[in-house]
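**Q** Here is my input; please provide its structure:
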Amino acid sequence: MTSDDRATSPTQAPLPTSRPGSPAPARPAGGFVVHPARGAFNAAFFAVMGPYIERKLRDHKRRVFADLPRTVVELGPGVGANLRHLAPGTTLVAVEPNVPMHPRLRAAAARHGVDLDLRERVAEDTGLPDGSADCVISSLVLCSVADPARVLAEVRRVLRPGGTFRFVEHVVARPGTTTRWLQRVLRRPWAWTFEGCSCERDLAATVRAAGFVHVDVEPYRIHSPFVPFNTQIAGVARA
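**A** Predicted coordinates for the structure are as follows:
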C-alpha cells in the first residue's frame, strides 16, 4: 500500500513514508544492535504475556489513548500491544528497532485493520520531519531507551504545536519500600533480560522537565508477580 492509500485526519498531511523495495539499513539509526538471543526472547515473551499485561494496564491506556487521531507515531510498538486502541484505518508510524518484533507487529496490524508504516529506527532519532505529527504514543518504552531526555526532545521536535505525547510507563518506586529494594537488587539481571530496561527511572520527573507546555501525570500501582514493574505512570504531555 502506498502513502496515497493511507487514511489520515483531515488536518494532517501524511508523514513521509518508506517505500516497499527500498534497501533496509544494516542497523537502525542510532546504533541499536539486536542481541541474537534476547531479541527473539523478548518478541516471544511479549507475544505470550501481552494479554496479561494489557489487562493490568488497559484502564489507564483507555484514558490516555482515547480519541487518537487517524495518524499516530508510536515509539517501540513491539508486537503491537497498543493496536487495539487505534481505530481501524488508522496509519501507525511504528518506530521499532527490534527486528524480531516486526513479523508479529505486521500480523497484528493486519488483524486490527491498521495501516503500518514500519521504521527500523531508534526513538532518539526517528528520522521524521520537524512538526510533522499530531500525536506520539509510547508504553513501556522509556524504561529501555538509552537516553530518555533525548527521546523526549525528539518527541517535542516532531510534534506540531498543540500535539500530544501520550504515555504509559513503569517507574522507580518510592524510597524505603520493598518494591524499591527489589528494583535495586534486580536491576542488572532485569536490564540484561529485557535489553537495557531500567526499573529505576523517575520518568515522571523526566517528562515534566522536557519542556512541554503542559504535562498531566497519574502515578498508580499494579499488582503482578513482576514486582519491580508494578509502579507505573500514565499521562499526556502537550507540545
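**Q** drop to CA atoms for contacts and neighbour counts, all remaining ones
**A** Fine.
**Q** for the chain, what spans make up the strands?
**A** Applying DSSP state E to the chain gives strands spanning 71-75, 91-95, 115-119, 133-139, 159-170, 214-221, 231-238.
**Q** Tell me which other helices or strands the fifth one touches.
**A** Contacts defined by 3 or more C-alpha pairs under 8 Å, 6 or more residues apart in numbering; DSSP states H and E place strand 159-170 against helix 38-64, strand 133-139, strand 231-238.
**Q** hmm, back to that, can you lay out the strands of the chain as TSV showing mean pLDDT and distance to residue 190?
**A** Listed next are those as TSV, based on pLDDT from 0 to 100; distance: least, C-alpha to C-alpha, whole Å:
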stretch	mean pLDDT	distance to residue 190
strand 71-75	98	21
strand 91-95	98	23
strand 115-119	98	27
strand 133-139	98	18
strand 159-170	98	13
strand 214-221	98	19
strand 231-238	98	15
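**Q** what's around residue 86, how many residues?
**A** Residue 86: 22 surrounding residues under other C-alpha atoms under 10 Å.
**Q** got a pLDDT number for the residue nearest to residue 34 when sequence neighbours are not counted?
**A** Nearest residue to residue 34 in three dimensions, chain neighbours excluded: residue 98, at 6.0 Å (C-alpha to C-alpha, 6 or more residues apart in numbering). Looking at residue 98, its pLDDT is 92.
**Q** now do residue 196
**A** What the model reports for residue 196 is a pLDDT of 88.
**Q** Could you tell me the angle between the helix or strand of the chain with the lowest mean pLDDT and strand 214-221?
**A** Between all helices and strands in the chain, the lowest mean by mean pLDDT, DSSP states H and E belongs to helix 38-64, at a mean of 93. Comparing the axes of helix 38-64 and strand 214-221 via axes from the mean of the first three to the mean of the last three C-alpha atoms, to 10 degrees yields an angle of 110 degrees.
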